[in-house]
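Got a sequence here, can you model it:
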Amino acid sequence: MTKKVFLTLSAIIIILIQASVSALGSETFDSRFLNETLRVDYYHLGDAKHEFVTLHQLHRYKGWAGSTKNLIDRERVGKFAVNVFNREGTLLLFRHNYNSIFEEYQTTSDAINGTKRTYQESVLIPFPREPVLLTIESRDKNNEFHDVFRSVIDPGNKQIITREKDRAVTVNTISGTADPHRKVDLLLIAEGYTEKEQDKFQKDSARLAGVLLKTEPFSSLKDRFTVRSAFRASAESCCTEPDFRQFRRTALSCSFDALGSERYLLTESYWNVMDIACNAPWDSMVIIVNSSRYGGGGIFNFMATCTSDSQWNSYIFIHEFGHLFAGLADEYYTSKVEYNEFHPIEREPLEPNITALLDRKNLKWKSLCQPGTDIPTLWAKKEYDDHDREYQQKREQIYKKLQDAKRLNAPKDEIDRIEQEQSELSRRTADESDAILLSSPNHGKVGAFEGAGYRAEGLYRPMVDCIMFSKGHKPFCKVCQEALKKRILLYCD
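Numbers count the residues shown, from 1 in each chain. Okay, here's the model as predicted:
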């Protein structure tokens, strides 16, 4: 047999195998799974060089929110993947890709210096009718998957905790009422709202849901969404702010200064989040934090956060949802982050909206480029960088004043004055940046614009501007919209 014939037959076999797996996933949900959810809680621990996963608990819930046909996620996005096989490991039944806080921690200086940390994580799978092999995979430095956890899960295990709805959690439907299997189920969860502030949360969550459903591509596909809210009262308003020495008792223990970044807002009490979230069907969840401070966070298929009352709350909500829902990368590169080599330029990023441009002739979004577009693509980079550098210096100075004032319990009017100065600088700078971007060469075109993913050089974004690049009420770029559409269709039969 010639090499050419052998390769052709191999390709045919691979295609047939893929087709059969896909068909199996679409035809046999009821024969393999119940319309219930198995929640797998585990610890994810290690440092930059070491990684371990250990099982904690299993929980059983009524209802499965995901698709019953699109059971296998084949997109090349996400650092981790959970796989469900038949017990023998010969047939893939379910696959879900995701990121986590642990992945980000691995790139910090502490992790690089060998400090190990432990994080709570969970994955949800359809509840199996028979024992299955569950694996968790993690990508190595070459972006190749390898197992970090393997275990046979027996649905008859008496240690599985059967969970009923929590009466302390109030669930409301904001829009859409369709079958969860056929819709994207978005859940907005309250954080830092006291019992007396429940009405405020309902208004905040409805307002932000409305913003999302008026933004493309969600606006054109809003009939594919059901949005719900989940409320459990917090003992205190707002959330923890370590930089200001303010520690608050809240339902989800959200905190600014996550991973050492002042505006990064996350919680490490992930199982508390899951306890609330699993009172409703959900595919994606966003935590709405009752705060006027600028901040948020978004991790692909894990969680997102957004403050309710910042002047940029609508922008933050949409931006973080882009991370959460489609694994979109940050396209900005001038803001300070604590990551080290989060997107190494020696390999192509997994995220659909940034590239290391290792193969200029085969740009990953080539189909959206106009013929004859120069790659890389010229834009007003120096003017933008000079302007932003000046802003970052002023911003840090004002933040230091605010930090000192809050730590010293300065009078409220003094703190209000500093916060107003901070807001005015942010708004004025955003307007000036928009003017630079709008007048930039090749504005509105798809190309490869240098500066993305926390790197001024070596990484490229698809368009001059996008909601993943700069603040404001602006659209997702064409490449980001295509990535979001793909994810929407994955959840809808």
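
hey, where'd the helices end up in the stretch 351-493 of the chain?
Taking DSSP state H, counting those that start in this stretch as the test, the helices found in the stretch 351-493 of the chain are 381-407, 412-438, 478-491.

wait, I meant the stretch 101-250 of the chain
Using DSSP H, counting those that start in this stretch, helices in the stretch 101-250 of the chain cover 101-105, 109-112, 198-213.

Remind me what the first one packs against, helices and strands.
Looking back up the chat, that one is helix 101-105. strand 33-46, strand 117-128 (3 or more Cβ pairs under 8 Å, 6 or more residues apart in numbering; DSSP states H and E). Heads up, the C-betas are built off the backbone N, CA and C, glycines and all.

Next, format those as CSV and append distance to residue 102, mean neighbour count and mean pLDDT.
Output for the helices and strands packed on helix 101-105, formatted as CSV (distance: least, Cβ to Cβ, whole Å; neighbours: other Cβ atoms under 10 Å; pLDDT from 0 to 100):
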stretch, distance to residue 102, mean neighbour count, mean pLDDT
strand 33-46, 4, 19, 98
strand 117-128, 5, 20, 98
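
In JSON lines, list the ones you listed along with distance to residue 161.
Below are the helices and strands packed on helix 101-105 laid out as JSON lines (distance: least, Cβ to Cβ, whole Å):
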{"stretch": "strand 33-46", "distance to residue 161": "9"}
{"stretch": "strand 117-128", "distance to residue 161": "13"}
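
Of the helices of the stretch 101-250 of the chain, which is nearest residue 80?
Closest approach to residue 80 among the helices of the stretch 101-250 of the chain (Cβ to Cβ): helix 101-105, 7.3 Å.

Now that we have the helices of the stretch 101-250 of the chain, can you turn them into JSON lines and tack on mean pLDDT?
Formatted as JSON lines, those follow (pLDDT from 0 to 100):
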{"stretch": "helix 101-105", "mean pLDDT": "96"}
{"stretch": "helix 109-112", "mean pLDDT": "95"}
{"stretch": "helix 198-213", "mean pLDDT": "98"}
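
mind showing which ranges of the chain have poor pLDDT?
1-27, 338-340, 493 (pLDDT under 70).

domain parsing for it?
The record's domain split for the chain, according to automatic domain parsing, is 16-162, 170-326, 360-471.

tell me the contacts of residue 30?
Contact analysis of residue 30 by Cβ atoms under 8 Å, 6 or more residues apart in numbering lists residue 68.

what helix or strand does it sit in?
Per DSSP states H and E: residue 30 is located in helix 29-32.

Just the CA coordinates for that helix, please, in PDB.
What follows is helix 29-32, C-alpha atoms only, in PDB (Å, rounded to 0.1, in the frame of the first residue of the first chain):
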ATOM      1  CA  PHE A  29     -29.000  10.900  25.400                       C
ATOM      2  CA  ASP A  30     -32.000   9.100  26.800                       C
ATOM      3  CA  SER A  31     -30.300   5.700  26.600                       C
ATOM      4  CA  ARG A  32     -27.100   6.900  28.300                       C
END
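
quick one: that helix to chain centroid distance?
Here the centre of helix 29-32 is set off from its chain's centre by 29 Å, with Cα atoms, centre = their mean, to the nearest Å.

ok, and for that helix, which residues are buried?
Neighbour-count burial for helix 29-32, counted by 16 or more other Cβ atoms under 10 Å, picks out 29, 32.

Begin at 711, not 1, for the rest of this chat.
Shifting the count to begin at 711 puts that one at helix 739-742.

since we're on the closest residue to residue 787 other than its chain neighbours, how many residues are nearby?
Of all residues not flanking residue 787 in the chain, residue 1037 sits nearest, at 4.0 Å (Cβ to Cβ, 6 or more residues apart in numbering). Here the count is done by other Cβ atoms under 10 Å, and residue 1037 has 25 residues near it.

One more: residue 1007?
Residue 1007: 27 neighbours (other Cβ under 10 Å).

cool, residue 825 as well?
Using other Cβ under 10 Å, residue 825 is surrounded by 12 other residues.

contacting residues for it?
Neighbour list for residue 825: residue 757 [criterion: Cβ under 8 Å, 6+ apart].

now, of the helices of the stretch 1061-1203 of the chain, which is deepest in the fold?
Most buried of these by mean neighbour count (mean count of other Cβ atoms under 10 Å) is helix 1188-1201; its value is a mean of 20.

tell me what that helix is packed against?
Short answer (3+ Cβ pairs under 8 Å, 6+ apart): helix 1188-1201 packs on strand 894-901, helix 1023-1036.

got the contact list for that helix?
The contact list for helix 1188-1201 (Cβ under 8 Å, 6+ apart) reads 776-777, 780, 783, 785, 893-895, 926-928, 931, 934, 993, 1032, 1035-1038, 1062-1063, 1075, 1078, 1156, 1172-1173, 1176-1178, 1185-1186.

what about the helices of the stretch 1061-1203 of the chain, which gets the closest to residue 1057?
Closest to residue 1057 of the helices of the stretch 1061-1203 of the chain, according to Cβ to Cβ: helix 1188-1201, at 19.2 Å.

Now do that closest one: distance to the chain's middle.
Counting by Cα atoms, centre = their mean, helix 1188-1201 comes out at 14 Å from the chain centroid.

got the angle for it vs strand 894-901?
Angle, helix 1188-1201 to strand 894-901, by axes from the mean of the first three to the mean of the last three Cα atoms, to 10 degrees: 100 degrees.

For beta bridges, what are the partners of residue 1007?
With DSSP bridges applied, residue 1007 shows beta-bridge pairing to residue 1015.

residues contacting it?
Each residue near residue 1007 by Cβ under 8 Å, 6+ apart is listed here: 968, 974-976, 1013-1015, 1030, 1033.

Reformat the residues you listed as TSV; add distance to residue 1138 and neighbour count.
Shown next, in TSV, are the contacts of residue 1007 (distance: Cβ to Cβ, whole Å; neighbours: other Cβ atoms under 10 Å):
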residue	distance to residue 1138	neighbour count
968	28	22
974	24	18
975	24	29
976	29	27
1013	32	26
1014	28	26
1015	26	31
1030	24	23
1033	27	23
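
that older thread, so which of the helices and strands packed on helix 1188-1201 is nearest residue 1056?
Closest of those to residue 1056 is helix 1023-1036, at 23.3 Å (criterion: Cβ to Cβ).

could you say what helices and strands the closest one packs with?
On a contact count with 3+ Cβ pairs under 8 Å, 6+ apart, helix 1023-1036 meets helix 908-923, strand 994-999, strand 1006-1009, strand 1013-1017, helix 1188-1201.

and the shortest one, how far out from the chain's middle?
Just to be clear, that refers to strand 1006-1009. Put simply, strand 1006-1009 sits 6 Å off its chain's centre (Cα atoms, centre = their mean).

same question, the longest one
Taking the mean of its C-alpha atoms, helix 908-923 sits 20 Å from the chain's own mean (Cα atoms, centre = their mean).

Counting neighbours, which bits of it end up buried?
For helix 908-923, a neighbour-count test (16+ other Cβ under 10 Å) marks 910-912, 914-915, 918-919, 921-923 as buried.

Now flag whichever of those is closest to residue 1044.
Comparing those against residue 1044 with Cβ to Cβ places residue 921 closest, at 25.5 Å.

rewinding a little: want to throw the helices and strands packed on helix 1023-1036 into a markdown table with distance to residue 767?
Converted to a markdown table, those look like this (distance: least, Cβ to Cβ, whole Å):
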| stretch | distance to residue 767 |
| --- | --- |
| helix 908-923 | 29 |
| strand 994-999 | 19 |
| strand 1006-1009 | 22 |
| strand 1013-1017 | 19 |
| helix 1188-1201 | 26 |
